[in-house]
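Asker: Sequence below, structure please.
(one chain, ligands or ions: 1)
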Amino acid sequence: MKVIATDQNGVRHELEAIEGWRIMEILRDYGLPIKAECGGCCCCATCHVYVDEKWIPKLYPPKPEEEDLLADAVDTKPNSRLSCQLLMSAELDGIEVTLAESARP
Ligand code: FES
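Answerer: Next up is the predicted model:
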């Protein structure tokens, strides 16, 4: 199972993922530049990523807490999500995300 992540410098990384892990944890464990200040409690928005459009229909829609945080984030786009709220599953094998500038530590 894989996550394809492009960092803020445009470098593409292919990361091994584990089912049930948050995408934020995978990005962080591989040392990609992601702040994830709150550790996944959905209260900081510093795990902000852009999800490649083709994967959006496979994701659970954001909960109200996530929507509220994204509404206050500076560099959001329609495909913005908080990576701590995205759990890896077989359906998401190969998901492509790009780290937002606001996630940089
Ligand atoms: S790590 Fe803080 S909201 Fe995701």
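
Asker: all helices of the protein, in order?
Answerer: Under the criterion DSSP state H, the chain contains helices at 23-29, 64-72.

Asker: highest average neighbour count across the ones you listed?
Answerer: Counting by mean count of other CB atoms under 10 Å, helix 23-29 has the highest mean neighbour count of the helices of the chain, with a mean of 22. Bear in mind the C-beta positions are built from the backbone N, C-alpha and C, glycine included.

Asker: and it, what does it pack onto?
Answerer: Contacts defined by 3 or more CB pairs under 8 Å, 6 or more residues apart in numbering; DSSP states H and E place helix 23-29 against strand 2-6, strand 95-99.

Asker: Contacts for that helix, please.
Answerer: With contacts defined as CB atoms under 8 Å, 6 or more residues apart in numbering, helix 23-29 is touched by 3, 5, 15, 17-18, 34, 36, 40, 47, 49, 82-84, 86-88, 95, 97, 99.

Asker: Can you say which of those are also within reach of the ligand?
Answerer: When CB under 6 Å from any ligand atom is applied, the members of the contacts of helix 23-29 adjacent to the ligand are 36, 40, 47, 82, 84.

Asker: Please name the residues that touch the fourth one.
Answerer: Translated: residue 82. Contacts of residue 82 by CB under 8 Å, 6+ apart are 24, 42, 45, 47-49, 62, 66, 69-70.

Asker: same thing but 7 Å
Answerer: The contact partners of residue 82, taken as CB atoms under 7 Å, 6 or more residues apart in numbering, are 42, 45, 47-48, 66, 69-70.

Asker: so who does the residue most central in space within the chain touch?
Answerer: Closest residue to the average C-alpha location of the chain: residue 83 at 2.6 Å, with CA atoms, centre = their mean. The neighbourhood of residue 83, defined by CB under 7 Å, 6+ apart, consists of 22-24, 27, 47, 49, 97.
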